[in-house]
Every structure is written in structure tokens, then in C-alpha cells.
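> With the sequence up front, the predicted model follows.
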Number of protein chains: 2
Amino acid sequence: MASRTKKEKENEVPSSPVSMADLARELGVSMTTISRALSDHHSIGPATKQRVLKLAKKLNYQPNHLAAALRKGKSKLLGVIVPYIEGRFFPSVVHGIETAASKAGFSVIMCQSNEDVAHERKSIDTLLSAQVAGILVSLSRTTSDFRHFEKVRKRGIPLVFFDRVLTDDYVNAVVLNDREGAYQSTLHLIEQGCRRIAHFAGPQHLNIYQNRRQGYIEALQSAGIPVDEELIAYFDMSQENGAEEMERLLALPSPPDAVFAAGDSSILGALQYLKNKGVRVPQDIALAGFSNEAFTSITEPMLTSVDQRCEEMGQASVRLFLELMETKGPAFSHRQVVLQPQLFIRESSLHGQAAPSASTPQEEENVQQVR
Amino acid sequence: MASRTKKEKENEVPSSPVSMADLARELGVSMTTISRALSDHHSIGPATKQRVLKLAKKLNYQPNHLAAALRKGKSKLLGVIVPYIEGRFFPSVVHGIETAASKAGFSVIMCQSNEDVAHERKSIDTLLSAQVAGILVSLSRTTSDFRHFEKVRKRGIPLVFFDRVLTDDYVNAVVLNDREGAYQSTLHLIEQGCRRIAHFAGPQHLNIYQNRRQGYIEALQSAGIPVDEELIAYFDMSQENGAEEMERLLALPSPPDAVFAAGDSSILGALQYLKNKGVRVPQDIALAGFSNEAFTSITEPMLTSVDQRCEEMGQASVRLFLELMETKGPAFSHRQVVLQPQLFIRESSLHGQAAPSASTPQEEENVQQVR
DNA sequence: TTGTACGCGTTATCAG
DNA sequence: CTGATAACGCGTACAA
């Protein structure tokens, strides 16, 4: 590529990138000197170091990370696999990840599994081939085992799961305390005077929905309210199905006076159905959702919801990855970070007359290290 | 499903990745043969090829893209720089980019400029150091010149801008026909019988807001309606400011009967203010926004808006990048792709009684090649 | 403090 | 059809 063959128009010809060898030749020193000057090594004369740096600036030298990574066996790339980049949650998490990673000198390679294990598998291979230093992943909906992550572990590459994790597995993970969020939200409804509280549960093979259901149940039990399975609806959390389920619940001999949903879309559907039918929210039925989607403060009434701390999750994932990098030994191979959710109380849940003293959630310790 | 049959054992030792040399040694052939078998070269015996492929599967061989890229001078990485990954627009575009890129065998490195030229500059350097095959970028708000993109051009790396572009520059770009979207939206309001149509314009140093204002003006002129600068508000398109501006407009001696906003948040603020004041939408004042944010179909009334075809924009950007890759010669260095927007007509703009025949936008040719 | 020489894993060139 | 060998750009023992 260095061959100076004269093409048509010289200015149109892309100039080959300048390498350390070029700098060395220009200054009449060895490549080692160049390398040391650029990497701020200790054994290097301040004078020559300045000469090198100056020329590097002048010639617009760009280090070749590929070559460096190949030589050192580790790159400055961080792989991220998410089901998709849409909605509010994943973009926010990725935002947090990219910000934190970039601050630590890592570039982020983004892959979408598209909720498909096959894609997930392929992404793993791609990232391994790209020689990433670590992989952060939120599982696809169709993932039911960890086999394709074995090679990551075998290669000793830090692997961190976030949000969507398979239960009962010894992996590094950053998750929201879904149980706690659901517990608080349900408790809040109880405090508002609700006694027949229905629950929109999601697909139970996902840990997040399982835990939210658990929190719901525990809150009821702690208040001495019996759990009525008739009031628990299992569906895919879509807006349409939320409306349908609301219809079914309303038709019950003894309809609920509140609904706690494991997702915001479903509770939105329910709200729209209720307004359509002239049922007052929150006077007749109180509503609370999960995720704190942007639209929760736009609806009328505004929707009470649990915030998932998306950005913190991204940051925490990167932090965990960096810690795993430090401890070379794979001794600590199953660390868990649990983030505390925030309940945002809005109009839709104010069934009782007394407005809560603090609508703004407490800003205390919201991160908790486990193990 | 915890498959921890063998726990803390030999699996704690990270096994070094298997290379082509390993395969060669194992089979007693040369590395050249391995390379040819894996890259599906023509000069290779079908028998040996199968032997190689089989062993590769067995030993779980992962090609090292870094080494290949170093050797070939070009990687399979595609750099993407966006201002940030939040809201609806950029995540959707990135979604489109990643999907299309992955289909073409490219991995995406994502950077956020954070609306800061300095970050943007740094991202450029990072991506160049990572030896990306191309760069897609949507400019930060604080970018006012192209100097930091010169080195990209100098290195002959395909550079594609999307959405946010500096005007009057000869670059490859994928943009929405903002003027046309604004024109159609304003025309629709005129057809609904509105005559005093206000406009929420954004910061005019950004091409997109400039063009939307232009489309608004042209629509008025084509209908013989004089442009009243008093009805054009310049602010940052936030929800709060939208409400404030609406207040100002209402207080005018001759208030508007419609508002076309260059952004959805601002029109949402206006809507909320109007409902608060008991002004009926769309009977008293018709509203139309821009961006087709998710909340536009949640508000009451639902908001008419112009869709920006986010995903198509991502796909088109990748397509343009791939085309530039093909044509090695930098002859065609300023290609423009203009996407046609879609007007989604919803309740907020139905000022006249006659509902339009087609609420669903026409699905005809929506991509148009220029030059 | 500086220089020499080799290797990281892959592909391209040139012989056989 | 196959094999030996040289590069790609950088880091690092080792020697000077």
C-alpha cells in the first residue's frame, strides 16, 4: 500500500495511514522509541519523547488498535447484546453502558438478538471473533439455557448479564429488585384502601415477571389479604390484551378495586378501556404499572409506575465488567448487583383521599451489593 | 436448569483460543490450506476442505477478525456516531442500522457525541483507530464545521451523514424531506379550513428545522395565505415552552385557529395548556406536530404528526455506505438520499367536519434518489 | 536510555 | 491443487 504509484488525481487518492514505522524513519530512531514515547513509558528521554509526540501530531498519527489488540491478546472493545433497541428501557441502558464504557476507554459493539436465540448465538460468535474484552447481555425471550455462553466462559472473557437473566444460575448479573418494586407498588395500593387488587402478570418463564408476581403476592400476604388466582391474569403485557383483561375482570361477580400491572403498556390499555366504559380512575378502580414509560406522565390521569433505573443498570454493568477485568483469576465468577427500584406515585393510584406526603421517591441508597 | 455438573474444577483455567495454526498442525497440512478451506477458496480439494471444516467445528475454531483486518487493511466494523441514544428517533435509526449492517456482515460500533463537538471529534479518532470500514454520523448540535471529518475523507473511508447535516456541503447524506412533510401537514390544516396557522419553529441553525419552516411557508403561499411572522415562534421545542408559546398566541388580538409544530413535545405542551383553559381541540384550534412520537396516539385527542421513517433512514444509510464501499474510486463523493415523510392524520387536526378519505398514508414510492 | 528481533493470527504471493 | 514465506502494525523480552 505504501507504493507511490501515480494514479489519476493525486488529491483523490486516499493517503495510507501513518504508522509508527513512518515516525521512526522520519526521526531516525527505532520503533521501540516511538512505542515508548506514545505509551508514556518511563525509560524514555523527555527530549526525544517530545520530538516524537510533536511529529505524531503533525503527521496526524492514529494508533492502530487492531494491531495493538492482536499483539496484546486483548482489545478495548466491549460487546453488548440486547433483544432490540427500541422502547424506553434498552436504549436507556445502552446509553448508560456506552457512557460508562467510553469513560473507561472502551468502545461498544452493539448487537441485537431480535428476541431470537439463534441471533444471540451468532452475536456471541461475532463478538468473540472481534476479540472483545467482555460481553454484556440481556437475554432474548427465547433463550432457555446457557450452553452458547459456555465458550465465553471457557475463554475467560468477563460475562455480565443484565435485567433478563435465567434463574438459578451462577452468573454475574445486574438486575432490578423487581420483587421489591412490585411489593412497594402493591403496598401503596393497599394503603390507598384497595382490597381486591388484580395483577397483570407477564410470561412467567422470565425472571423479571416471576419476581414481580412474587412481590405482589407478598404484599397481599403481609396485609392479610388472601391471594385470589382469579384476579391474576397471565398474558403478554400488550396494550390490547390489557384492555381485554380489564374487560374480563370488570365482568367478575366481585370485580377488583385496583390493578397492579407488571408492565405499563397493559395498564395503559386497561385505563383506556375503563375511560371508555365511564369507570372512574382512581375513584372506582386504582391503577399502577411497571417501567415508568414516558407516556405515564401524559395520560389522564397520569399513571403510577415503578422506575427501572435503566441508566444506572448500564453503568453498574460496566462497573462490574471492569471489576471482573481487574481480578484476573476467575475465582469470583458469580457476582450479583441488585438495583433498588423507585415507585413514582401519580394520579392513577390515589384511590384514597389522602395524598401521600412525598410524591417524589426517596433518593437514599439505591444500589445494594450482594455477595 | 442450572447445569453445574462440574463446578470449580479445571474449567477455571481459561483455554487459549484455537488458531489456524492449531488446525494445520492437527491435520498435518499447511496453514494456507486451512485458510483456503475456511474462506471457501476455489483452489482446494473438496475432501481436504471437508476435513478442515469438520475439525474446525470440533475444536470450536473462532476466526480472529482482528488479525484478518490487520492483514487486509479493512475490518468488518461500522462506526456510528449519534448525539445520544434516547427518545424515539435515534434508537429507531440505530435499530435500522444494526439490522442492515449485521445482514451485510458488519458489526456496529456505537458512539455518542452527547451534543458536543469535542466528543464527536474524539469518537472520530476512536473509530479511525479501530480501523472501521465506514462511519455513519448524525451531527451534534454544537457542530458547525466539517474540519474534523477531513481525516476520514483523507483516508478514503466511506462517510455518510444522516438526518443532521450541515447545509451546503458536498457530502454523502440520508435525510428526510422535512420541507415536504411540513408542506403536507400545513396543507392538510388549510384543507381543514384553517386560515390563521401558527408555527412552532425550532432552532434555525439546524437544517431540519429550517426546512420544516420552509415547507410551512410554501404551503401558506400556495394557498394564498399571507405569512404572519407574529405567528411563528422560535424556541427549543420543549414541552414547557410549547405551553408558554400557546399562551402567548392565545392572547393575540387575532389568535390562530391552528398550530403546526416542528416537534411533538412542543405541541403536546400546547395541547395540555389548551385543555386546561377549556379550549377545544380541534374544534377551536387544530394541532399538528412532527416526529410521530409514541405518545401521539395516546393523548386525547390523538395528535396528527409527520413520521420521520427512522428505521428506513438507518437502512438507507447502510445501503449508501455499502455502495460507497463498492465503488472504490472516490469519484462519487456526494450522494444524497431523500426519504419521503408520512403524514399521520389523527383527531387533533380534524378542524373541519369532513374526515379525510384516507387516514392511512399512501404506501407508494417513499424513497427517492437524487443525483 | 535506546535498538534488535520476534511473534500475535491471518492473508497474499509465488513456487512447486 | 498445495506449501513455504513474507508481510500487516504494534509490544516487549533481551541485548547494547
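Thanks, I have it. Numbers count the residues shown, from 1 in each chain, chains lettered A, B, ... in the order given.
> Please count neighbours and contacts with C-alpha atoms only from this point.
Fine.
> who's in contact with the spatially most central residue of chain A?
Chain A has A:Val93 as the residue nearest its centroid, 3.8 Å off, counting by C-alpha atoms, centre = their mean. For A:Val93, the contact set (C-alpha atoms under 8 Å, 6 or more residues apart in numbering or on different chains) comprises A:Cys310, A:Glu311, A:Glu312, A:Met313, A:Gly314, A:Gln315.
> which among those residues gets closest to A:Val152?
A:Gly314 (20.3 Å; C-alpha to C-alpha).
> pretty sure that closest one is touching A:Ile97, no?
Yes: in this structure, A:Gly314 is within contact of A:Ile97 by C-alpha atoms under 8 Å, at 4.4 Å.
> Break down the stretch 51-200 of chain A into its helices, ranges please.
A:65-72, A:89-103, A:117-129, A:150-154, A:178-191 (DSSP state H, counting those that start in this stretch).
> And the third one, what's buried?
If I follow you right, that is helix A:117-129. A:Val117, A:His119, A:Glu120, A:Ser123, A:Ile124, A:Asp125, A:Thr126, A:Leu127, A:Leu128, A:Ser129 (16 or more other C-alpha atoms under 10 Å in any protein chain shown).
> That one: how far from the chain's middle?
18 Å (C-alpha atoms, centre = their mean, to the nearest Å).
> That one near DNA strand C anywhere?
No: applying C-alpha under 7 Å from any atom of the strand, one finds helix A:117-129 separated from DNA strand C by no less than 8.2 Å.
> Return the list of helices and strands in contact with that helix.
When contacts are defined as 3 or more C-alpha pairs under 8 Å, 6 or more residues apart in numbering or on different chains; DSSP states H and E, helix A:117-129 packs onto strand A:77-82, strand A:107-112.
> Strand partners (parallel or antiparallel) of the last one?
Here the strand partners of strand A:107-112, with direction, are listed using DSSP bridges: strand A:77-82 (parallel), strand B:107-112 (antiparallel).
> Quick one: the ones you listed as JSON lines, columns for mean neighbour count, distance to DNA strand D and mean pLDDT too.
JSON lines is the format used below for the strands paired with strand A:107-112 (neighbours: other C-alpha atoms under 10 Å in any protein chain shown; distance: least, C-alpha to the nearest atom of the strand, whole Å; pLDDT from 0 to 100):
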{"stretch": "strand A:77-82", "mean neighbour count": "25", "distance to DNA strand D": "15", "mean pLDDT": "98"}
{"stretch": "strand B:107-112", "mean neighbour count": "24", "distance to DNA strand D": "20", "mean pLDDT": "98"}
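> Make JSON lines from the ones you listed and add distance to DNA strand C to it.
Listed next are the strands paired with strand A:107-112 as JSON lines, based on distance: least, C-alpha to the nearest atom of the strand, whole Å:
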{"stretch": "strand A:77-82", "distance to DNA strand C": "16"}
{"stretch": "strand B:107-112", "distance to DNA strand C": "16"}
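> In JSON lines: the ones you listed, plus distance to B:Lys57.
Putting the strands paired with strand A:107-112 into JSON lines (distance: least, C-alpha to C-alpha, whole Å) gives the following:
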{"stretch": "strand A:77-82", "distance to B:Lys57": "23"}
{"stretch": "strand B:107-112", "distance to B:Lys57": "23"}
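> what's the closest of these to B:Gly215?
B:Gly215 lies closest to strand B:107-112 among the strands paired with strand A:107-112, at 30.3 Å (C-alpha to C-alpha).
> Tell me where the model's unsure across the stretch 151-300 of chain A.
A:168-169 (pLDDT under 70).
> quick one: the strands in it?
With DSSP state E, counting those that start in this stretch, the ranges of strands along the stretch 151-300 of chain A come out as A:159-162, A:172-176, A:197-201, A:232-234, A:258-261, A:286-288.
> nearest to B:His65, of those?
Using C-alpha to C-alpha, the strands of the stretch 151-300 of chain A put strand A:159-162 closest to B:His65, at 20.0 Å.
> Tell me the helices and strands packed up against the closest one.
Short answer (3+ C-alpha pairs under 8 Å, 6+ apart): strand A:159-162 packs on strand A:134-137, strand A:172-176, helix A:310-326.
> What separation is there between the residue in the stretch 51-200 of chain A that DNA strand C sits nearest to and A:Pro17?
Closest residue of the stretch 51-200 of chain A to DNA strand C, C-alpha to the nearest atom of the strand: A:Arg71 (3.4 Å). Separation of A:Arg71 from A:Pro17 (C-alpha to C-alpha, to the nearest Å) stands at 19 Å.
> Between those two, point out the one with more neighbours.
Neighbour tally, A:Arg71 and A:Pro17, criterion other C-alpha atoms under 10 Å in any protein chain shown: the higher count belongs to A:Pro17, 18 against 11.
> List the residues that contact that one.
Applying C-alpha under 8 Å, 6+ apart to A:Pro17 gives the contacts A:Tyr61, A:Gln62, B:Arg155.
> Let's see that with 7 Å instead.
Going by C-alpha atoms under 7 Å, 6 or more residues apart in numbering or on different chains, A:Pro17 touches B:Arg155.
> quick one: secondary structure of it?
coil (DSSP: H, G, I helix; E, B strand; the rest coil).
> And it, how far from B:Ile157?
Taking C-alpha to C-alpha, one finds A:Pro17 at 11 Å from B:Ile157.
> before we move on, back to that, out of the strands paired with strand A:107-112, flag the one nearest B:Ile285.
Nearest to B:Ile285, of the strands paired with strand A:107-112 and by C-alpha to C-alpha, is strand B:107-112 at 39.0 Å.
> How about residues contacting the closest one?
A:107-110, B:76-84, B:98, B:101, B:123.
> Next, the angle helix B:89-103 makes with that strand.
Inter-element angle recorded for strand B:107-112 and helix B:89-103: 160 degrees (by axes from the mean of the first three to the mean of the last three C-alpha atoms, to 10 degrees).
> hey, C-alpha coordinates of strand B:107-112 in CSV?
Extracted C-alpha coordinates of strand B:107-112, given in CSV (Å, rounded to 0.1, in the frame of the first residue of the first chain):
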residue,chain,number,x,y,z
SER,B,107,-20.6,-5.2,13.3
VAL,B,108,-21.6,-1.8,14.7
ILE,B,109,-19.5,0.3,17.0
MET,B,110,-21.7,2.9,18.7
CYS,B,111,-20.6,6.3,19.9
GLN,B,112,-22.5,9.1,21.5
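> how far out from the middle of the chain is it?
With C-alpha atoms, centre = their mean, you get 13 Å for strand B:107-112.
> Then stretch A:185-203?
With C-alpha atoms, centre = their mean, you get 26 Å for stretch A:185-203.
> Now do the end-to-end distance for that stretch.
End-to-end for stretch A:185-203, by C-alpha to C-alpha: 20 Å.
> buried residues in it?
Buried, per 16+ other C-alpha under 10 Å, within stretch A:185-203: A:185-202.
> What of stretch A:199-219?
Buried-residue list, stretch A:199-219, by 16+ other C-alpha under 10 Å: A:199-202, A:206-219.
> That one and chain B, are they touching?
No: on the criterion C-alpha under 7 Å from any C-alpha of the partner chain, stretch A:199-219 is out of touch with chain B, staying 11.6 Å away.
> Quick one: residues in contact with that stretch.
Here stretch A:199-219 has contacts from A:164-167, A:178-180, A:182-183, A:186-187, A:227, A:231-237, A:259-262, using C-alpha under 7 Å, 6+ apart.
> Is there a quick PyMOL command that grabs whichever of those are buried?
This is the PyMOL syntax for the buried subset of the contacts of stretch A:199-219, where burial follows 16+ other C-alpha under 10 Å:
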select buried, chain A and resi 164+165+166+178+179+180+182+183+186+187+227+231+232+233+236+237+259+260+261+262
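> before we move on, back to that, ok, which of the strands paired with strand A:107-112 comes nearest A:Ala288?
Taking the strands paired with strand A:107-112 one by one with C-alpha to C-alpha, strand A:77-82 is closest: 26.8 Å.
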